[in-house]
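Student: Just a sequence and a predicted model for now, questions to come.
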Amino acid sequence: MNLRYSKRFEASLRKLSPDGKTTVIRALELLQENPFEPSLDNHPLAGRMTGKRAIAVDNDLRIVFTERGNHHDVTLLDVGSHADVYRR
């Protein structure tokens, strides 16, 4: 899996607590090992976010991304609380 990081993702990641960053790194490792690991709840988004997907990092943190080639190329678009990433 090729991961690309958008500027928004990088900026949002920098704002997270050290524990939040660690949890995001673990979630990304799981995503690379198995994109459909049940704990990630990898799912397509709808409405204005159609064409994007999200995974659950923990109870509140989400990563929004796009993928091509059955998760071969993944672009990480945003990370943050459930309310924040779906509002932006």
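Tutor: Done, it's in. As the structure is a computational prediction, the values presented were derived from the model and not from experiment.
Student: how about the residue sitting nearest the centre point of the chain, what does it touch?
Tutor: Closest residue to the average C-alpha location of the chain: Ile63 at 2.1 Å, with CA atoms, centre = their mean. For Ile63, the contact set (CB atoms under 8 Å, 6 or more residues apart in numbering) comprises Phe9, Val24, Ala27, Leu28, Leu31, Ala54, Ile55, Val57, Leu76, Asp78, Val79, Val85. In this view, the C-beta of every residue, glycine as well, is placed from N, C-alpha and C.
Student: Please enumerate the helices of the chain.
Tutor: 7-15, 18-33, 82-87 (DSSP state H).
Student: What mean pLDDT does stretch 44-63 get?
Tutor: For stretch 44-63, the mean pLDDT works out to 95.
Student: how long is stretch 55-71 end to end?
Tutor: By CA to CA, to the nearest Å, the extent of stretch 55-71 from end to end equals 13 Å.
Student: Could you do stretch 79-88 as well?
Tutor: End-to-end distance (CA to CA), stretch 79-88: 11 Å.
Student: Please compute how far that stretch lies from its chain's middle.
Tutor: The chain centroid and the centroid of stretch 79-88 are separated by 11 Å under CA atoms, centre = their mean, to the nearest Å.
Student: how about that stretch: buried residues?
Tutor: Val79, Gly80, Ser81, Val85, Tyr86 (16 or more other CB atoms under 10 Å).
Student: Next: stretch 62-72.
Tutor: Per 16+ other CB under 10 Å, stretch 62-72 contains these buried residues: Arg62, Ile63, Val64, Phe65, Glu67, His71.
Student: go on, stretch 32-39?
Tutor: Buried residues in stretch 32-39 (16+ other CB under 10 Å): Pro35.
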